[in-house]
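Participant: My questions concern the predicted model and sequence given below.
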Amino acid sequence: MEPLPGLGGIFGDNAGVVTQAIYFVVSFIALYLLGRIVVIPMVKRLLDRRGYEDSVKKPLTKITQLVVLFVAVALAFGFAELGNFLTAFATIGAAATLAVGFALQDLIANFVAGVFIFTDKPFKIGDWIEWDDGSYSGIVEDIDLRVTRVRTFDNELLTVPNSVLTDGVIKNPVANDKLRIQFLFGIGYDDNIHRATEIIIEEAENHSDILDTPEPSVRLTELGDSSVGLKSRFWISDPKRSDFVKTRGEYVTAVKQRFDEEGIDIPYPYRNLAGGIEISNPSEMAVLSGD
């Protein structure tokens, strides 16, 4: 029996495609495994030597994995001699990327903001931060390339887009090894300012968690309607949110007790209400009262 005409040509064309597909699959697997075995561990070791924290190493490792995947695909196309297909694929991919970019502007903005957070390091996991003029605050639990997760002091979890944190002012009270705390004490106008100042300084010096250097200070900062304002300034070391609240609370309580012992008043605002009621039609009020 004679073979059908043209059948060998068809098989030949298909054999070429199958061979290219085999080259592509084999080269892709080899390159991808090489990247997973060599490149990614090398990047991890480099990040460890540089002393980066987990909040930085984890996203950078993810980016490295994506780069390895992309390079393996591109080189596999080259080894399989699929250059024309690769060019067409790149053109379609560029057009698709442009369309997706317009549709996902917010996502891309958050991604770029996440990169800036990792490079600038305005905060790290475990830091106490505040933003939006103090409307929000909490402890950073996780930093991702798109969002940052913050646990509030009421145990609420906030998932914050990274662009929100990079577009505004972020307050990080625990970024340094020392933190200055201020508190305004109000005393009466008839009280002894110098004695009140001495008490405020003494109680700061007596507290074990308040630093002697820089030394505590007190300044008269305001003359209010009902009180004289004495602002105390003191420093604590290795600040955490819990230390800040605990130390300030104990210190203010100690000063209040000393004020009570020595008869120094902490006045509260009061108002005198004066005026009268004007009756526009007294005759009608007389009739109503008669009823």
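Facilitator: Great, that's in hand. Numbers count the residues shown, from 1 in each chain.
Participant: CA only for contacts and neighbour counts going forward, please
Facilitator: Noted.
Participant: Residue 228 contacts residue 191, correct?
Facilitator: No: between residue 228 and residue 191 there is no contact under C-alpha atoms under 8 Å: 9.1 Å.
Participant: more neighbours, the two?
Facilitator: Between residue 228 and residue 191, residue 228 has the larger neighbour count (other C-alpha atoms under 10 Å), namely 22 against 15.
Participant: Looks to me like residue 235 is in a strand.
Facilitator: Yes: according to DSSP: H, G, I helix; E, B strand; the rest coil, the state of residue 235 is that of a strand.
Participant: Below-threshold pLDDT in the stretch 101-250 of the chain: ranges please.
Facilitator: 101-105 (pLDDT under 70).
Participant: can you give me the helices in the stretch 101-250 of the chain?
Facilitator: 105-120, 162-167, 193-206, 241-261 (DSSP state H, counting those that start in this stretch).
Participant: Mind putting those helices into JSON lines with mean neighbour count?
Facilitator: Formatted as JSON lines, those follow (neighbours: other C-alpha atoms under 10 Å):
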{"stretch": "helix 105-120", "mean neighbour count": "17"}
{"stretch": "helix 162-167", "mean neighbour count": "18"}
{"stretch": "helix 193-206", "mean neighbour count": "17"}
{"stretch": "helix 241-261", "mean neighbour count": "15"}
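Participant: Identify whichever of these lies nearest to residue 136.
Facilitator: Comparing these by their distance to residue 136 (C-alpha to C-alpha), the top pick is helix 162-167, with 11.0 Å.
Participant: May I have the closest one exported as PDB, CA atoms only?
Facilitator: Below are the C-alpha coordinates for helix 162-167, written out as PDB (Å, rounded to 0.1, in the frame of the first residue of the first chain):
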ATOM      1  CA  ASN A 162       1.100  51.000  51.800                       C
ATOM      2  CA  SER A 163       0.400  54.100  49.800                       C
ATOM      3  CA  VAL A 164      -1.600  55.500  52.800                       C
ATOM      4  CA  LEU A 165       1.600  55.200  55.000                       C
ATOM      5  CA  THR A 166       4.000  56.700  52.400                       C
ATOM      6  CA  ASP A 167       1.800  59.600  51.300                       C
END
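Participant: so who does residue 145 touch?
Facilitator: 59, 110-115, 162 (C-alpha atoms under 8 Å, 6 or more residues apart in numbering).
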